[in-house]
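*Asks:* here is a sequence with its predicted model. Questions after.
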Amino acid sequence: MIEKVNPKHPDKVADRIAGAIVDIAYRTEQNPKIAVEVLIGHGVCHVVIETTADLDTREITSAVRRIAGNVSPDIMIVPQDKHLTANQEHGFRCGDNGIFKGMPLTLEQKVLSNIARNIYEKYPYDGKYILECSRLIICQSNADREELKAMYPNAEINPLGDWTGGTDVDTGATNRKLGSDMADSVTGGGLHGKDISKADVSVNIYAFLKAQETGKPVELCCAIGDDTIDGIPYSDIVKTAREYIRSVGGFEKFAEWGLF
């Protein structure tokens, strides 16, 4: 059983905005430290940023409106805590306490991910999809029900009828759709809105990729300040995460669909 939401779901809009701001920080510094929280809905976008980077609110406002449309940004930027910043002064060390899990994707999860992407190509609007064995539920806004029925004859489509969706109907918050982004790999840490020194980003990516490579579950834990995880230097885990983020086109692109 798995649920996917597409990049126009309000929670994913929030994730994408957070990712875009992290991208901005990386254009400003080589290794910025940043954490972003976004709450968006009904014409307003609240953004709280803790960072070492010198960010321009005009660039952030532009990113918010590019992704979310004509909303009013409420932006707060504060320095990252000095103790957290000092933790990384002499090289990459684990940026938080946490437990992390990587799980191989099931065929069902891969199938739904493909379905979600195929529908989004035709209908780039707020949508949510569930697959439970043979039961496929498609909730797609701004869509022609008969066209969807032709594409997926056995699916349950928009059970309550047509709908419009988006942030004028619903609110969105960062890291609220981790099940959609990580499937069975979900633990406590959020993927989006943070730099790669943060374990929530780097160790989650590392554990997920290792699980796909080995076909076996991966379970890891770390304490803030650890310089070795899973028997390898934390800097190598950060390098793996950096290469993965680059391969998908940056943090904003990563936020669109998550890890699968």
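*Replies:* Yes, it's here.
*Asks:* helix or strand with the lowest mean pLDDT in the protein?
*Replies:* Within the chain, no helix or strand scores below helix 82-86, which has a mean of 82 by mean pLDDT, DSSP states H and E.
*Asks:* list the buried ones in that one?
*Replies:* By 16 or more other CB atoms under 10 Å, the buried positions in helix 82-86 come out as L84. Where you see a C-beta, it was placed from the backbone N, CA and C, and this is true even at glycine.
*Asks:* contacts for that helix?
*Replies:* Outside of helix 82-86, the residues that reach it under the criterion CB atoms under 8 Å, 6 or more residues apart in numbering are K33, T52, P79, G95.
*Asks:* tell me how far R66 lies from L55.
*Replies:* Using CB to CB, to the nearest Å, one obtains 16 Å as the distance from R66 to L55.
*Asks:* repeat that for C45.
*Replies:* In this view, C45 and L55 are 15 Å apart by CB to CB.
*Asks:* mind listing what's buried along stretch 227-235?
*Replies:* Taking 16+ other CB under 10 Å as the criterion, stretch 227-235 shows I229, D230, Y234 as buried.
*Asks:* for the first one, which non-adjacent residue is spatially closest?
*Replies:* So the one you mean is I229. Among residues not flanking I229 along the chain, C222 sits closest, at 5.2 Å (CB to CB, 6 or more residues apart in numbering).
*Asks:* for that neighbour, which residues are in contact?
*Replies:* The neighbours of C222, taking CB under 8 Å, 6+ apart as the test, are C94, D96, N97, G98, F100, A199, V203, I229.
*Asks:* L191 against S185, yeah?
*Replies:* No - with contact defined as CB atoms under 8 Å, L191 does not reach S185; the gap is 9.9 Å.
*Asks:* common neighbours of these two, please.
*Replies:* Common contacts of L191 and S185 (CB under 8 Å, 6+ apart): N204, L259.
*Asks:* what's the helix ranked longest in the chain packed up against?
*Replies:* Scanning the chain for the longest helix, with DSSP state H as the assignment, gives helix 10-28. Based on contacts counted as 3 or more CB pairs under 8 Å, 6 or more residues apart in numbering; DSSP states H and E, the elements that helix 10-28 packs against are strand 34-41, strand 44-51, helix 57-68, strand 172-173, helix 251-257.
*Asks:* turn these into a markdown table, columns for mean pLDDT, distance to P10 and mean neighbour count.
*Replies:* As requested, these are arranged in a markdown table below (pLDDT from 0 to 100; distance: least, CB to CB, whole Å; neighbours: other CB atoms under 10 Å):
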| stretch | mean pLDDT | distance to P10 | mean neighbour count |
| --- | --- | --- | --- |
| strand 34-41 | 98 | 6 | 23 |
| strand 44-51 | 98 | 11 | 20 |
| helix 57-68 | 98 | 9 | 17 |
| strand 172-173 | 98 | 3 | 21 |
| helix 251-257 | 98 | 13 | 23 |
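*Asks:* which one of those lies nearest to I115?
*Replies:* With respect to I115, and counting by CB to CB, the nearest of the helices and strands packed on helix 10-28 is helix 251-257 at 12.5 Å.
*Asks:* run the angle between the longest helix of the chain and helix 57-68 for me.
*Replies:* Taking axes from the mean of the first three to the mean of the last three CA atoms, to 10 degrees, one finds helix 10-28 and helix 57-68 inclined to each other by 140 degrees.
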